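1. could you work out the structure for the sequence below:
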Amino acid sequence: MKKNYLLIIVLALTLLLASCSGKKKLVLYLPNDYILDDVIIEFEKEHNVRVNKRTFNNNEMALGFVKTKSYDLVIPSDYAIEELAVEGYLMEIDYNEILDADVEFAEGLDLFLDQLDEEGFNFRNYAVPYFWGSVGILYKHDNVSLEQMEKEGYNILADPKLETIIYDSPRDAVMAGLLTNDVLLKDATQADINKSRDWLVNAFNQKTTSRKSDEILDELLAKSRYDAVMAYSGDAAYIMSENEDYSFYIPHDTNLWADGFVIPTNAKEPDLAKDFIRHMLTYDVALDNTIEIGYSAARKDVFEEMISEDGDYGEDRLRNAYESKILDFQVFRFDNKLKLLLDKAWENALAAQ
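-> Down below sits the predicted model:
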């Protein structure tokens, strides 16, 4: 009897595993900690599929893997999307096939997409926006005034009297240095980049300026020694919701960006990828996801709910980060020559520490 009973259990487990292995699988590739697990589970149940979530630390890492491996859906940033599109790694996307007619994008996001289009790349041809935002400065408002932020901008990060953090990203860090001399990334000459490099070297030599990336979430959620920190608006909004010591300032001409869903040309389940995009852009899912992650939602109605008087980011201090309302901004473009110059300047700045 025991043998028969065990045999029944083994057969049942075998059938269960066979059933699971027979499900379609969506391979999703996205940044770390960038999606609410519950919305993935909901999609799996609704479509009777499995989602294999794989993550990356930065766009440069993602680019290499997308070009050499197979994923069904990827969420890179705008300039990485342009690189993949230009080199033929992405399928074109028909919004009419994926989005309901009543879906509108947040006003700031539309401004970004229009400017990127005017400058030479149509994001909408290859990607559906996921989250978007700006690059700015979290500052401890009891130690640094708004007037000081408006006067200094990114130069505040090199103030030897303050404890500061410059984000560990060549593109963002060099951009900050360029803006201390009112130079946009797209207009930068070698001489301009050298000045930005020297500004970074000077900042790091002060010994009061640190270089960090995602660690700022842990560093600033509790009481922190840092007075000014370069940060993405979504991280800033989340940090400020947990730590009342900080406010967020968005410097003139800083970067506005968007991450988007893209489907690689070698995707094994492109139709399932489109189903997942539809799922993520539904109102309830988009709302739950942005509440958890903290970044600015693509959907206009969700975005406006978040910054409404009763919304999670309705308080003025938090709304400023989530809304990322800035008229004059710059967009990052795919430019291999410029990328090499930025990487070299960053390497030299770090070597001088």
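2. pretty sure residue 95 is touching residue 125, no?
-> No: the pair residue 95 and residue 125 fails to qualify as a contact (Cβ atoms under 8 Å) at a distance of 9.5 Å. Bear in mind the C-beta positions are built from the backbone N, C-alpha and C, glycine included.
3. higher neighbour count, these two?
-> Taking neighbours as other Cβ atoms under 10 Å, residue 95 and residue 125 compare with residue 125 leading, 14 against 11.
4. now the closest residue in space to that one that isn't next to it in sequence. Its backbone dihedrals?
-> Among residues not flanking residue 125 along the chain, residue 92 sits closest, at 5.6 Å (Cβ to Cβ, 6 or more residues apart in numbering). The phi/psi pair for residue 92 (degrees, to the nearest 10) reads phi -80, psi 150.
5. local confidence estimate at residue 92?
-> Looking at residue 92, its pLDDT stands at 98.
6. and it, how close does it get to residue 109?
-> Going from residue 92 to residue 109 by Cβ to Cβ, to the nearest Å gives 20 Å.
7. who's more crowded, the two?
-> Comparing residue 92 with residue 109 by other Cβ under 10 Å, the one with more neighbours is residue 109, at 24 against 11.
8. OK, contacts around the more buried one?
-> Residues near residue 109 by Cβ atoms under 8 Å, 6 or more residues apart in numbering: 129, 132, 258, 296, 298, 303.
9. can you select the buried ones from the residues you listed in ChimeraX?
-> With 16 or more other Cβ atoms under 10 Å as the criterion, this ChimeraX line picks the buried residues out of the contacts of residue 109:
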select :129,132,258,296,298,303
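10. what would the contacts of residue 109 look like in TSV with distance to residue 71 and secondary structure?
-> Converted to TSV, the contacts of residue 109 look like this (distance: Cβ to Cβ, whole Å; DSSP: H, G, I helix; E, B strand; the rest coil):
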residue	distance to residue 71	secondary structure
129	19	strand
132	22	strand
258	19	strand
296	25	strand
298	21	coil
303	28	helix
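11. out of the contacts of residue 109, who's nearest residue 46?
-> Of all those, the one with the least separation from residue 46 (Cβ to Cβ) is residue 298, at 20.7 Å.
12. give me the element residue 42 is part of.
-> Following DSSP states H and E, one finds residue 42 within helix 37-47.
13. and the angle from the following helix or strand past that helix to helix 37-47?
-> Sequence order places strand 49-56 as the next helix or strand after helix 37-47, per DSSP H and E. Calculated by axes from the mean of the first three to the mean of the last three Cα atoms, to 10 degrees, strand 49-56 forms an angle of 150 degrees with helix 37-47.
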